[in-house]
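K.L.:
Got a predicted structure here, sequence first:
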Amino acid sequence: MMKLSSELNIFTMNENELIKKSKQIEELQNTIINLNNKLKESESLKSNFISNIMNEVYNPFSSIISMADNILSLKDSNLQQAIPMAEIIYNEAAKLDFHLQNIFTAATIEAGLEAPEITSINLHSLFDDIIKKFQFDISSKELNIESNLLDLDKLRFVSDSKKLSLILLNLLSNSIKYSPEGSKIRINFEIIEDYLNVTISDEGEGISESDLENIFDRFKRIDTTINSVTGGTGLGLSVVKALIEILNGNIKIVNEDGTKIFIAIPETQIGEDDESTEDDTIIFDEELF
Amino acid sequence: MNDPLKYYLLPGALKSSTKPMEITTLLGSCVSVCLWDSRLKQGGINHYMMPFWNGSGLASPKFGNIAIEKLVSSMIYLGSQRNDLVAKVFGGAAVLNSGECIFNIGERNIDIQERILKEEGIEVVAKSLGGDKGRKLIFNTNTGVVKMKFVQKTQINMK
């Protein structure tokens, strides 16, 4: 701002310059107004977050405890009944694990401590693990998940497996959450010029234009009405965006007969070395000052 | 004495350490603030890409106002006292070629560190800011010494 005022010597400016500067001031003013609104919204979203998180953590925990208790009280002759209960425990624990991963990842990113851990990933087993975590929801909503993964020539991709997995978990979780019963979710993978492109399309209602603008904000949930059945911490897409940035990728969300999400992640090149020499190095030593 | 551990700092991250470390980072329009504690011989560095967090996405150290405050907090968490901290600041080049726009990102990144470090009462003992070339830094957290060389735009994969 100080810089701006020093550049605004109006006595030496011609009309065009003045118009230009006044436009820039207007732009700055709008930025401040938007920022103020964002801050206000952020405060209220933060308080919602606390109550959301209580539901998302407490509910699976209560189910796990009560199901485990039921299994413990089964008689030897009824042990068969333990299987569906164990399935519920797995499903609830997977949900809990997913929410905790989002919360801890958001905290590590905000602390500036998140860094890529690069390995060679088998996309097939990564995707299988993801689908397994949502199997219960997929079956109970009778969703049809279509993927072209097996058609890919190359199934190995060098990147950060944990981050890629959390990105896909969040995107698929959203698609499952907002898909009508009996509908189809299509997940298309392709590797072009060292980029992994994934497109996830669902047949849900799509996202309103106003929600699309701030969909990556933390604690933001699209449906926050009292009757909302979708749940969630509101951290998912902000975590996705930040992880994709760490991997130098891109994400785009559009409405097209439902919601369509595109992500593109470049393959990490291992062993990139720099050949810097010491001769043109400037040394900033404490003793020099 | 053992060689210091090597660490590569990515944009949007920060690192502080009580153990001797050599932290390397590459800067274009981004800015790094290196804080060094002359009493405890420990230091920390950030690498921010934009001046202010505008409420979008996560409040990460990708943004100057968050990155500097978090760096100061992390040094205090490691036992440093504010009075013992000195800063060296680098980066903020006009590598994005933003034309005549006065809201040049590099310049704004430079402004924010000036303002916040002043507010925090931390003295800047060395700096290399602005210009049109990127910079490669190696910060030794034990000695506080920063080695810097200018690099060409093409060497920096900046957004």
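P.N.:
All right, it came through fine. Because the structure is predicted, anything quoted here is derived from the model rather than measured.
K.L.:
ok, whichever residue of the stretch 1-150 of chain A sits closest to chain B - contacts?
P.N.:
Nearest residue of the stretch 1-150 of chain A to chain B: A:Lys38, at 3.0 Å (Cβ to the nearest Cβ). (Each C-beta comes from the backbone N, C-alpha and C, glycine too.) Contacts of A:Lys38 were listed using Cβ atoms under 8 Å, 6 or more residues apart in numbering or on different chains, and they are A:217, B:54-56.
K.L.:
For the chain, give the helix that spans the most residues.
P.N.:
No chain in the question, so chain A it is. The longest helix of chain A (DSSP state H) is helix A:15-72.
K.L.:
was after chain B, sorry
P.N.:
If you go by DSSP H, chain B has its longest helix at helix B:105-120.
K.L.:
Downstream of that helix, the next helix or strand is which one?
P.N.:
Next along the chain after helix B:105-120, taking DSSP states H and E as the criterion, comes strand B:123-129.
K.L.:
so after that following strand, what's the next helix or strand?
P.N.:
strand B:134-140.
K.L.:
can you list the weak-confidence ranges in the stretch 51-200 of chain A?
P.N.:
Low-confidence segments of the stretch 51-200 of chain A (pLDDT under 70): none present.
K.L.:
Get me the contact residues on it for chain B.
P.N.:
A:106, A:109-116 (Cβ under 8 Å from any Cβ of the partner chain).
K.L.:
now do 7 Å
P.N.:
Proximity of the stretch 51-200 of chain A to chain B is confined to A:106, A:109-113, A:115 under the rule Cβ under 7 Å from any Cβ of the partner chain.
K.L.:
could you flag which of those residues are buried?
P.N.:
Buried residues within those, counting neighbours by 16 or more other Cβ atoms under 10 Å in any protein chain shown: A:106, A:109-110, A:112, A:115.
K.L.:
Which parts of the chain are strands?
P.N.:
Picking chain A for this. Ranges of strands within chain A are A:118-122, A:144-147, A:156-160, A:184-192, A:195-201, A:250-255, A:259-266, A:282-284, based on DSSP state E.
K.L.:
look at chain B instead
P.N.:
Taking DSSP E to define them, one finds strands in chain B at B:5-8, B:14-17, B:21-27, B:31-37, B:42-46, B:85-91, B:123-129, B:134-140, B:146-151.
K.L.:
is it possible to export these to TSV including distance to A:Leu237 and mean neighbour count?
P.N.:
Below are the strands of chain B laid out as TSV (distance: least, Cβ to Cβ, whole Å; neighbours: other Cβ atoms under 10 Å in any protein chain shown):
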stretch	distance to A:Leu237	mean neighbour count
strand B:5-8	28	13
strand B:14-17	24	23
strand B:21-27	28	23
strand B:31-37	28	28
strand B:42-46	25	29
strand B:85-91	30	24
strand B:123-129	35	17
strand B:134-140	32	22
strand B:146-151	35	20
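K.L.:
Those strands: which one's closest to A:Ser125?
P.N.:
For the strands of chain B, proximity to A:Ser125 was assessed by Cβ to Cβ; strand B:5-8 is nearest, at 28.8 Å.
K.L.:
Now do the closest one: which elements does it pack against?
P.N.:
Packing partners of strand B:5-8 (3 or more Cβ pairs under 7 Å, 6 or more residues apart in numbering or on different chains; DSSP states H and E): strand B:21-27.
K.L.:
hang on, the earlier thing: name the surrounding residues that touch the longest helix of chain B.
P.N.:
If you take Cβ atoms under 7 Å, 6 or more residues apart in numbering or on different chains as the criterion, helix B:105-120 is touched by A:3, B:29-31, B:33, B:48, B:50-52, B:64-65, B:68, B:72, B:87, B:89, B:91-94, B:96, B:98, B:124, B:129-130.
K.L.:
Could you rerun that using 6 Å?
P.N.:
The contact list for helix B:105-120, computed with Cβ atoms under 6 Å, 6 or more residues apart in numbering or on different chains, reads B:29, B:31, B:33, B:51, B:64, B:68, B:72, B:87, B:89, B:92-94, B:124, B:129.
K.L.:
Show me the two of these that sit farthest apart.
P.N.:
B:Val72 and B:Ala94 (27.2 Å).
K.L.:
Which of these two has more residues huddled nearby?
P.N.:
B:Val72 (23 against 17; other Cβ atoms under 10 Å in any protein chain shown).
K.L.:
Could you find the closest non-adjacent residue to that one?
P.N.:
B:Glu120 (5.7 Å; Cβ to Cβ, 6 or more residues apart in numbering or on different chains).
K.L.:
what does A:Thr108 give?
P.N.:
A:Glu114 (4.7 Å).
K.L.:
ok and the residue in chain B nearest chain A?
P.N.:
Nearest to chain A, among the residues of chain B, is B:Gly55, at 3.0 Å (Cβ to the nearest Cβ).
K.L.:
how about the nearest residue to that residue, chain neighbours excluded?
P.N.:
Here the residue nearest B:Gly55, using Cβ to Cβ, 6+ apart, is A:Lys38, at 3.0 Å.
K.L.:
Next: A:Asp217.
P.N.:
Closest residue to A:Asp217 apart from its sequence neighbours, by Cβ to Cβ, 6+ apart: B:Ser56 at 5.7 Å.
K.L.:
That neighbour and A:Lys38: what is the separation?
P.N.:
B:Ser56 is 7 Å from A:Lys38, where distance means Cβ to Cβ, to the nearest Å.
K.L.:
repeat for A:Gly204
P.N.:
Per Cβ to Cβ, A:Gly204 is found 27 Å from A:Lys38.
K.L.:
okay, now B:Val95: neighbour count?
P.N.:
Going by other Cβ under 10 Å, the residues that sit close to B:Val95 add up to 21.
K.L.:
ah, wrong one, I meant A:Asn70
P.N.:
When counting by other Cβ under 10 Å, one arrives at 14 neighbours for A:Asn70.
K.L.:
Just list the residues touching it, thanks.
P.N.:
Residues near A:Asn70 by Cβ under 6 Å, 6+ apart: A:Met85.
K.L.:
make it 10 Å
P.N.:
Contacts here follow Cβ atoms under 10 Å, 6 or more residues apart in numbering or on different chains; on that basis A:Asn70 touches A:81-82, A:85, A:88-89.
K.L.:
so how far is A:Asn91 from it?
P.N.:
Taking Cβ to Cβ, one finds A:Asn70 at 15 Å from A:Asn91.
K.L.:
go on, A:Glu17?
P.N.:
From A:Glu17 across to A:Asn91, the span is 64 Å (Cβ to Cβ).
K.L.:
cool, and A:Thr199?
P.N.:
Computed as Cβ to Cβ, the A:Thr199 to A:Asn91 distance reads 27 Å.
K.L.:
for A:Asp211, same thing?
P.N.:
Plainly put, A:Asp211 is 28 Å away from A:Asn91 if you go by Cβ to Cβ.
K.L.:
Show me what the residue of the stretch 151-289 of chain A found nearest chain B bridges to in the sheet.
P.N.:
Across the stretch 151-289 of chain A, the shortest distance to chain B (Cβ to the nearest Cβ) belongs to A:Phe284, at 4.1 Å. Beta-bridge pairing for A:Phe284 (DSSP bridges): B:Val146.
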